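Undergrad: Provided below are the primary sequence and the corresponding predicted coordinates.
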Amino acid sequence: MCNDGQGTAEQVILATGGYDHSIKLWQAHTGVCQRTVQHTDSKEPYRTGRKVNRSIFMWYNKSVYQQVNALDITPDKQLIAAAGYQHIRMYDLSSTNPSPVINYEGVSKNVTGVGFQEEGKWMYTGGEDCSARIWDLRSRNLQCQRIFQVSAPVNCVCLHPNQAELVVGDQSGVIHLWDLKTDHNEQLVMMLDRQFRLSRCPVKKNLKSSSTRNQVKVSDLSDLACQGRKRGARNLGGHRATRAKSLGSSSTIQGCRSTPENQVRRPCKDHLALMKLKTSVFSFFCQIPEAEASIQDIAIDPEGLHMAAVNNRGHCYIWSLTGGVGEEPTKLNPKQKIDAHMRYALKCKFSPDSNLLVTTSADMTVRIWKTSNFTLMRELKLEAQRWVWDAAFSADSTYILTASSDGVARLWNVETGTVEREYSGHQKAITSLAFRDELVKE
């Protein structure tokens with residue numbers, strides 16, 4: 001049901017957009033469409049921001065003109081930002097004016113992600129022009145104030161809850177950590193680098209020395225495995241080690257024991273434990289690299305304890321986060337790999353209470369995972385449902401909203417897995433949604 005009429009920011013808290021070049025604003029609790037905005041002049045004949053197989057996706061070619069790539073609502077619920085081809089448009093939620101009140105331009109290609117600082121002072125975006133950008137919403141200058149350039153098209157951007165670090169995922173499989181305070185940045189190559197801390201280890205030949213006395217930095221896991229085999233050690237957990245370059249903060253191996261050159265070096269207990277490890281952290285990194293595994297989406301839970309990233313192989317990777325308070329940068333510690341979906345994973349989102357993680361996919365399913373152990377809690381699936389492009393939790397974490405290629409947005413009950421409400425009105429695929437509600441204090 002869609003009754004285009006006057007709505008207010010309080011009434012309209014759900015927005016959907018897609019390939020029919022329109023944005024619909026809904027009353028989430030009734031399913032009534034309050035208003036439709038035409039998102040025109042966004043003419044990109046093929047949406048590459050999600051890096052999917054072109055042959056599979058070819059049937060969409062005639063229907064992706066003027067598409068909406070991403071949506072987000074400002075914290076004060078007054079404006080909604082719509083990311084499209086070469087621009088970000090802001091619409092007034094409390095007005096019937098169909099035209100955007102602000103139009104941010106200067107991006108040469110698709111804008112694939114958009115979001116806001118928690119107080120609404122600035123906006124961040126990512127795009128296929130291989131950049132992430134910061135836009136000052138308090139400035140009359142509509143040009144971006146800061147640009148972070150990478151070497152591949154950007155699929156997703158995620159702001160850390162500390163509001164000081166931006167995480168950027170690109171199509172080459174690299175995750176970038178951009179410190180907005182210091183402008184320092186680091187790269188996390190997907191599963192490439194893990195610097196293990198061991199108390200002792202005799203296998204240290206060809207390892208680069210650090211500036212600290214009696215310490216060495218593990219910068220090449222393949223050398224470590226190769227030396228272990230040469231010296232009588234087993235292969236690392238039975239896996240083929242892969243060359244990896246050190247990109248983050250370095251951990252070290254303390255005080256490796258040495259033996260006379262004419263004696264055979266054998267691994268110590270700590271090293272044997274590492275080599276026998278077939279699961280958890282090390283196996284997480286031994287399956288690298290995933291050739292051309294594009295990072296589709298990144299999410300950090302509201303408490304800042306976990307980060308999730310999904311790729312176009314259907315895999316979801318989990319890191320535990322430490323630091324990120326004051327001047328201390330955030331440190332990422334690999335935690336778990338989840339074979340989340342059989343096909344492309346498209347979105348991942350944590351619940352507001354940080355207890356759940358939702359992933360969506362081209363396999364037409366939505367899956368909910370418990371963050372206590374990252375096991376599957378529930379799968380949301382309907383026969384009519386197609387690719388699920390986007391999802392959002394309610395403020396109390398009891399409901400999930402999804403956007404699907406069948407042109408329908410759905411409200412799901414997390415506990416029962418049933419559909420509570422459907423939002424029908426789009427003529428083509430819904431590829432993005434924005435939902436912002438709040439808990440009512442008793």
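TA: Looks like it arrived, so ask away. Numbers count the residues shown, from 1 in each chain.
Undergrad: quick one: the helices in the stretch 51-200 of the chain, in order.
TA: Taking DSSP state H, counting those that start in this stretch as the test, the helices found in the stretch 51-200 of the chain are 54-57.
Undergrad: count of neighbours near the residue nearest to residue 339 when sequence neighbours are not counted?
TA: Using Cβ to Cβ, 6 or more residues apart in numbering and skipping residues adjacent in sequence, the residue nearest residue 339 is residue 315, 6.2 Å away. Glycine gets a C-beta too; all of them are placed from N, C-alpha and C. By other Cβ atoms under 10 Å, the residues close to residue 315 number 20.
Undergrad: go on, residue 395?
TA: When neighbours are counted by other Cβ under 10 Å, residue 395 registers 16.
Undergrad: with the one 10 residues further on instead?
TA: Residue 405: 19 surrounding residues under other Cβ under 10 Å.
Undergrad: mind checking how far it is from residue 366?
TA: 13 Å (Cβ to Cβ, to the nearest Å).
Undergrad: please apply the same query to residue 392.
TA: Computed with Cβ to Cβ, the distance linking residue 392 and residue 366 is 11 Å.
Undergrad: of the two, give the one with the bigger neighbour count.
TA: Using other Cβ under 10 Å, the more surrounded residue of residue 392 and residue 366 is residue 366, with 25 against 21.
Undergrad: next up, the contacts around the residue nearest to residue 339.
TA: Taking Cβ atoms under 8 Å, 6 or more residues apart in numbering, we find residue 315 in contact with 290, 293, 337, 338, 339, 340, 345.
Undergrad: next, give phi and psi for it.
TA: Here the main-chain torsion angles of residue 315 (degrees, to the nearest 10) amount to phi -90, psi 150.
Undergrad: so how far is residue 150 from it?
TA: Following Cβ to Cβ, the distance that separates residue 315 from residue 150 is 21 Å.
Undergrad: quick one: low-confidence ranges for the stretch 301-442 of the chain?
TA: For the stretch 301-442 of the chain, residues meeting the criterion pLDDT under 70 lie at 440-442.
Undergrad: show me where it has its strands.
TA: In order along the chain, the stretch 301-442 of the chain carries the following strands (DSSP state E, counting those that start in this stretch): 306-311, 315-323, 330-339, 345-350, 356-361, 366-370, 376-380, 388-393, 399-404, 408-413, 419-424, 430-435.
Undergrad: mind checking which of the ones you listed is nearest residue 127?
TA: Closest of the strands of the stretch 301-442 of the chain to residue 127 is strand 430-435, at 14.5 Å (criterion: Cβ to Cβ).
Undergrad: CA atoms only for stretch 343-358, dumped as PDB, please.
TA: Output of stretch 343-358 as PDB, limited to C-alpha atoms (Å, rounded to 0.1, in the frame of the first residue of the first chain):
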ATOM      1  CA  ARG A 343      26.900 -17.800  -2.900                       C
ATOM      2  CA  TYR A 344      27.800 -14.100  -2.800                       C
ATOM      3  CA  ALA A 345      27.500 -12.600   0.700                       C
ATOM      4  CA  LEU A 346      26.100  -9.100   0.300                       C
ATOM      5  CA  LYS A 347      25.600  -7.500   3.800                       C
ATOM      6  CA  CYS A 348      26.500  -8.000   7.400                       C
ATOM      7  CA  LYS A 349      25.200  -6.100  10.400                       C
ATOM      8  CA  PHE A 350      25.400  -6.400  14.100                       C
ATOM      9  CA  SER A 351      22.400  -5.900  16.300                       C
ATOM     10  CA  PRO A 352      22.200  -2.900  18.600                       C
ATOM     11  CA  ASP A 353      22.700  -5.100  21.700                       C
ATOM     12  CA  SER A 354      25.800  -6.700  20.000                       C
ATOM     13  CA  ASN A 355      24.400 -10.200  20.600                       C
ATOM     14  CA  LEU A 356      23.600 -11.000  17.000                       C
ATOM     15  CA  LEU A 357      25.100 -10.800  13.600                       C
ATOM     16  CA  VAL A 358      23.000 -10.900  10.400                       C
END
